[in-house]
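Student: next comes the sequence, and after it the predicted model I'd like to discuss.
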Amino acid sequence: MNKRPVISLFIILCSLLPAVSYGATYATITDISTSQMSNAVQITVKADGILECQYSYYAYDDEQPGKRIKLTFPGAKSTVKNFIDVSTYPVSYIQTSVPQGAKNGIGINLTVGLFTSASYNISESQDRQSVIITVNSDRTLETFDRSASDNNSDQKTELVCTCEDGLLSVNALKAGMLDVFGEIAKASGLNIVVDDAVERRVVSMSLERATAEDVLKAIAGAYGLAMTKRGDVYMVSEGVPTDLSTYRMSGTASFPMKYVQAKTASGLLPTFLYSYLHVNSEQNAVVVSAPTQMLEKIKSDLAKVDIAPPQIMIDAVAVEVSSNNDLNLSLLLDGTWDNGKFSSNSETGELTYATLDEGLAKQFLSKIKALVANNKAKINANPRMAVLNGHSANIFIGAQRFIRVEYSSGYGDPVQQIKAVDVGTKLIVTPWTGGNGEITTRIVPEVSNIVELDRETGLPTLSSRTAATTVRVKDGETIIIGGLTTEQEYDTRRKVPILGDLPIIGSLFRSKSRTTTDTELLILITPRILNDSGHLPDNQE
């Protein structure tokens, strides 16, 4: 069957259609450079076309240390390195990546990592082919001319490669990477293929009497290159996979974290490794795509940061004493603990705190129990719970009550709402330790009480007392918080059934009294460091 007429007809029809561009129009980022001024670091992103920049946002990630400036170039590709180690205060590094879900790999995220918080501004060149990021510094930076330094006649370049008895000796000082591999190939007779991407690298090294393969591995390991052997050919390329050829020469491994979050672990490694690291949140693992010789080193470093955090046991006692005079007399305080560590300033309403060693704490608790036995004190809560180092323990002992809340809706009359609130004792304790036998503890107590009932609605009116303090104690010492005082008035009404409801003479069978009660809340907190098995030491059980 002759298909030529059909083909001719198809060509004629195509020639009648309007011109259509089937390829996406995008700019290619060709260069990212930095320059240093007296009080700022300037980053210039250059492209070969119009560079559309969606405005950046300033971000802080709790999982990773430091600050970052993030920009998005939705219609761009990049031919530059995806990680640039700047190390010029306040800029730490520059990193580029392709967003997830980017069609045809078009789109660039650019991240500028900072050592600390810093102000910045972003501007575009008139031809819109460059974006300039200026990061201001709170220090005066010493400027210098890199090109002048590079061209200084005192900076010598040296490269000597010799082979004796099949062993190589290589001495290089600021020699080009391609030149080094060329001399190694010439001296050893090996076939070495080097990717053009490593051309700009400079090598300074000294190796004596090593096999040619060991020399290649040493260079690749020291400069983060990927090296593989195909038959009798050694192939060398950039270590960070940026295309299929470099990806085939790299390895990928997943390292699950046992004790810390994967984002935290990856953020604790050096910043220049960020290009190799990815986080699998679902498996809490750090996924590494890097040259195979780097995988074991990264695995070892991750194991050093993935260690179990200490656990701290929190013993808390919340005691409400009906009278401060009873407190002072029963505890023999008279306003001051006999060793000068504790003072009770309930009359002024000030928060006071003290620390007691284990012996004094036991005496204190025994006298508190005596007050409880005489109905002059009440233990509101006595919880014990363990918490990870640096995390918060939240304790609440009480009940849920309802109060009326009034607020303005902005459209007329105020709106009233019935709201549930917790009434009782709340305690937020955040302890942390560096393993030196001392514990720093952040304590935020809050005590809420029902003051009276609203006569119109019958709903309770809430009164709350709160405070916050940070104390450093030795393992097993007790922290005492005082000064949380309140005065409550209670109206009590009594009547004789039936007779009290009679008109005129009913008042003779009814009575009303008002009682005022002064109370002070004492909170005793004892943090103890647990051993590796999650138990208290034998002498503290």
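Tutor: Ah, there it is.
Student: could you list the low-pLDDT ranges of the stretch 351-500 of the chain?
Tutor: In the predicted model of the stretch 351-500 of the chain, residues 351-356, 407-412, 451-460, 483-492 satisfy pLDDT under 70.
Student: for it, which segments count as helices?
Tutor: All helices of the stretch 351-500 of the chain, identified by DSSP state H, counting those that start in this stretch, fall at 358-373.
Student: quick one, strands of it?
Tutor: Using DSSP state E, counting those that start in this stretch, the strands of the stretch 351-500 of the chain run over 352-356, 377-381, 384-388, 393-407, 415-432, 438-453, 460-466, 469-474, 478-495.
Student: who does the second one pair up with?
Tutor: According to DSSP bridges, strand 377-381 has the following sheet partners: strand 311-321 (antiparallel).
Student: CA atoms of the partner strand as CSV?
Tutor: Extracted C-alpha coordinates of strand 311-321, given in CSV (Å, rounded to 0.1, in the frame of the first residue of the first chain):
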residue,chain,number,x,y,z
GLN,A,311,14.6,11.5,81.3
ILE,A,312,13.7,13.4,84.4
MET,A,313,11.2,12.4,87.1
ILE,A,314,9.1,15.2,88.4
ASP,A,315,7.6,14.9,91.9
ALA,A,316,5.2,17.7,92.7
VAL,A,317,3.1,18.4,95.8
ALA,A,318,0.5,21.3,95.8
VAL,A,319,-0.5,22.2,99.4
GLU,A,320,-3.1,24.8,100.2
VAL,A,321,-2.8,26.2,103.7
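Student: burial check on residue 271, number of neighbours?
Tutor: 19 (other CB atoms under 10 Å). Placement of C-beta: from N, CA and C, glycine included.
Student: same check on residue 378?
Tutor: For residue 378, the count of nearby residues is 13 (other CB under 10 Å).
Student: picking up where we left off before, out of the strands of the stretch 351-500 of the chain, which gets nearest to residue 536?
Tutor: Nearest to residue 536, of all these, is strand 384-388, at 9.6 Å by CB to CB.
Student: can you list the buried residues in the closest one?
Tutor: Residues residue 387 are the ones in strand 384-388 that count as buried (16 or more other CB atoms under 10 Å).
Student: pull the distance from that strand to the chain's centre.
Tutor: 22 Å (CA atoms, centre = their mean, to the nearest Å).
Student: check which helices and strands the helix or strand that contains residue 187 is in contact with.
Tutor: Assessed by DSSP states H and E, residue 187 sits inside helix 177-188. Helices and strands touching helix 177-188, as assessed by 3 or more CB pairs under 8 Å, 6 or more residues apart in numbering; DSSP states H and E, comprise strand 158-164, strand 167-176, strand 191-194, strand 202-210, helix 212-223.
Student: so for that helix, mean pLDDT?
Tutor: Averaged across helix 177-188, pLDDT comes to 88.
Student: so that helix versus strand 202-210, what angle?
Tutor: Put simply, helix 177-188 runs at 20 degrees to strand 202-210, going by axes from the mean of the first three to the mean of the last three CA atoms, to 10 degrees.
Student: residues contacting stretch 195-203, please?
Tutor: Here stretch 195-203 makes contact (CB atoms under 8 Å, 6 or more residues apart in numbering) with 172, 174-178, 180, 219, 223, 225, 235-238, 242, 245-246.
Student: for the stretch 1-150 of the chain, give me the ranges with low pLDDT.
Tutor: 1-25, 55-66, 141-150.
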